[in-house]
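> Can you look at this prediction? I've put the sequence above it.
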Amino acid sequence: MLLVNQNIAKAILLSLCLLLGSCYPGMKKEATVPSEALEQITFFYPTFSDDMDRDSLLAAIENSIEYLNRLPADRILHYGPHSFTSRQVLDSQKAFLQFLQENPNPSQVNKKIEEDFLVYRATGGKKSDNVLFTGYFEPLYEASLIPDSVYRYPLYRKPDDLTTLDLSGFGSRFKGQKIIGRMVGKGFVPYYTKVDIDEKGVLKGRGLEIAWLKDPIDVAFLQIQGSGKLTLRDGSTISAGYSAKNGLPYKSIGRYMIDEGFLTKKEMSMQAIRSCLAKHPKIVRDVLSYNLSYVFFRRLKKGPLGNIGVQLTPGRSIATDSKLFPKGALGFITCKKPTIDSAGMVTGWKEFSRFVLNQDTGGAIRGAGRADIFWGSGLYAEAAAGHQNHEGELYILIKKP
């Protein structure tokens, strides 16, 4: 009965908002600073139900605690309109971890959060108050440490001449801004483009290759995912993770293929992109060259790692815009996830909700209306990452001071 009453109240509130015109989508401002990305809620809490196992959540929280322990205790982290020290965030996550270890039931979890935690809701993008969730995973590709006629597409580590300049010292209007490029004589210029690297071979002969792959599409997808495992000829595997990028803007090859009529928006998925390129090899060069951003990798002892330097937990780690959302934060999401058959084909979608940790970011994840779910590796992860494109809700939690 309480849930029904809450839904009625929400409907009434929404109706009033629309009548007054204050919620008209065209009037919605897109968040550009942390204070606009999250808004505190004090009623209409979601039901904090979790569809995953408790151990994975404990592991994800412990990873965020590892990150928070590395920060100065007085480092300021922004939770929407409010600011907290890293020590406060650390204490909050330790408290929640200890509470979970007591094995509380769902009712106790909801009561604990409503009584002891501040809850913030992501404000969404320009056109929606919700968050668009996509997915990523850890792919597995065949590779070789020695190039030949089969393995001829290199995966590069970060070049020594790739330089990042912090512009903060040039005035307040440049605060927090950085540019990436390289020195040429006494000048600073943009770094090499994807065409320079892939087609002109400007990095060849510098000993930067981590491994060689069979297919340029594999390299492109690995750059989009940000990490992956490589199976070598002897059966062993190595992990490769994000190290740096060339500083040029990320441009979606999926969007390009829709705009050019190669795929429709409805059929768009990672799997559809690969299938289309396999059928039309003549367009591969143009499609892959459309994305100006180029990612460099490093070998990992364990992985994959998020942008806060901790191991990602499948289904629990998410990526958001690092300029807007607090790194390492405890979150909660509601969205849809796929059901698949034995061949990895999506057979349907079902509602789900769970606690997550904000442990990564991505070139395509920009604004308060975007988030990426890390699904792990394997058949389900690849299907979920390839097809995930649904709106949902993102909440960020912290214990009350």
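Right, received. Where do you want to start?

> where does this structure have low pLDDT?
By pLDDT under 70, the low-scoring segments of the chain are 1-27.

> residue closest to the middle of it?
residue 319 (2.6 Å; CA atoms, centre = their mean).

> Ignoring the adjacent residues along the chain, who's closest to residue 243?
residue 298 (4.1 Å; CB to CB, 6 or more residues apart in numbering). Where you see a C-beta, it was placed from the backbone N, CA and C, and this is true even at glycine.

> For stretch 295-302, buried residues please.
295, 296, 297, 298, 300 (16 or more other CB atoms under 10 Å).

> Columns distance to residue 57 and secondary structure on top of the residues you listed, output as TSV?
Conversion of those to TSV gives the following (distance: CB to CB, whole Å; DSSP: H, G, I helix; E, B strand; the rest coil):
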residue	distance to residue 57	secondary structure
295	29	strand
296	32	strand
297	29	strand
298	28	strand
300	23	strand
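
> What ranges does the stretch 1-150 of the chain have for its helices?
2-20, 34-37, 54-70, 86-100, 106-116 (DSSP state H, counting those that start in this stretch).

> what angle sits between the last one and helix 86-100?
This means helix 106-116. 150 degrees (axes from the mean of the first three to the mean of the last three CA atoms, to 10 degrees).

> Residues touching helix 106-116, excluding its own?
45, 47, 48, 49, 50, 95, 99, 104, 119, 397, 399, 400 (CB atoms under 8 Å, 6 or more residues apart in numbering).

> quick check, distance from it to the centre of its chain.
28 Å (CA atoms, centre = their mean, to the nearest Å).

> Among the helices of the stretch 1-150 of the chain, show me which one is buried the most.
Most buried of the helices of the stretch 1-150 of the chain, by mean neighbour count (mean count of other CB atoms under 10 Å): helix 34-37, with a mean of 20.

> before we move on, back to that, sort out which one of the contacts of helix 106-116 lies nearest residue 288 for me.
residue 50 (39.0 Å; CB to CB).

> from what I can see that closest one touches residue 353, true?
Yes. Between residue 50 and residue 353 there is a contact under CB atoms under 8 Å: 6.9 Å.

> can you pull out the strands in the stretch 151-300 of the chain?
Using DSSP state E, counting those that start in this stretch, the strands of the stretch 151-300 of the chain run over 153-156, 163-166, 178-184, 187-190, 209-213, 227-231, 237-245, 295-300.

> helices and strands around the second one, which ones?
It stands for strand 163-166. strand 178-184 (3 or more CB pairs under 8 Å, 6 or more residues apart in numbering; DSSP states H and E).

> same for the strand it packs on, what does it pack against?
strand 163-166, strand 187-190.

> Can you point out the buried residues in it?
180, 181, 182.

> Quickly run through the sheet partners of that strand, with directions.
Note on strand 178-184: by DSSP bridges, its sheet partners are strand 163-166 (antiparallel), strand 187-190 (antiparallel).

> of these, which approaches residue 324 most closely?
Here strand 163-166 is closest among those (CB to CB), at 19.7 Å.

> which strand of this structure spans the most residues?
Assignment by DSSP state E gives strand 346-360 as the longest strand of the chain.

> Paired strands for it, with orientation please.
strand 317-319 (parallel), strand 330-340 (antiparallel).

> Return the set of buried residues in it.
Those would be 346, 352, 353, 354, 355, 356, 357, 358, 359, 360, for strand 346-360 by 16+ other CB under 10 Å.

> closest to residue 90 among those?
Using CB to CB, the buried residues of strand 346-360 come closest to residue 90 at residue 357, 13.2 Å.

> Next up, the contacts around that closest one.
Residues in contact with residue 357, defined by CB under 8 Å, 6+ apart, are 60, 61, 63, 64, 313, 316, 317, 318, 328, 329, 330, 331.

> Pretty sure residue 305 sits against residue 319.
No. Applying CB under 8 Å, one finds residue 305 not in contact with residue 319, separated by 12.0 Å.

> Residue 93 reaches residue 63, doesn't it?
No. Using CB under 8 Å, residue 93 is not in contact with residue 63; the gap is 10.2 Å.

> gap between stretch 166-183 and the chain center?
24 Å.

> List the contacts of residue 31.
Contacts of residue 31 (CB under 8 Å, 6+ apart): 37, 123, 324, 367, 368.

> As a markdown table, the buried residues of strand 178-184 with distance to residue 167 would be great.
Shown next, in a markdown table, are the buried residues of strand 178-184 (distance: CB to CB, whole Å):
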| residue | distance to residue 167 |
| --- | --- |
| 180 | 11 |
| 181 | 12 |
| 182 | 16 |
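
> which one among the buried residues of stretch 295-302 gets closest to residue 335?
Nearest member of these to residue 335, counting by CB to CB, is residue 295, at 26.3 Å.

> got a list of what the spatially closest residue to that closest one that is not a sequence neighbour touches?
Excluding the flanking residues, the one nearest residue 295 by CB to CB, 6+ apart is residue 223, at 4.0 Å. By CB under 8 Å, 6+ apart, the contact list for residue 223 reads 293, 294, 295.

> Any buried residues in the helix or strand just after the longest strand of the chain, and which?
Per DSSP states H and E, the first helix or strand lying C-terminal to strand 346-360 is strand 370-374. By neighbour count, with 16+ other CB under 10 Å as the criterion, the buried positions of strand 370-374 are 370, 371, 372, 373, 374.

> Closest one of the residues you listed to residue 151?
Among the buried residues of strand 370-374, and counting by CB to CB, the member closest to residue 151 is residue 374, at 27.6 Å.
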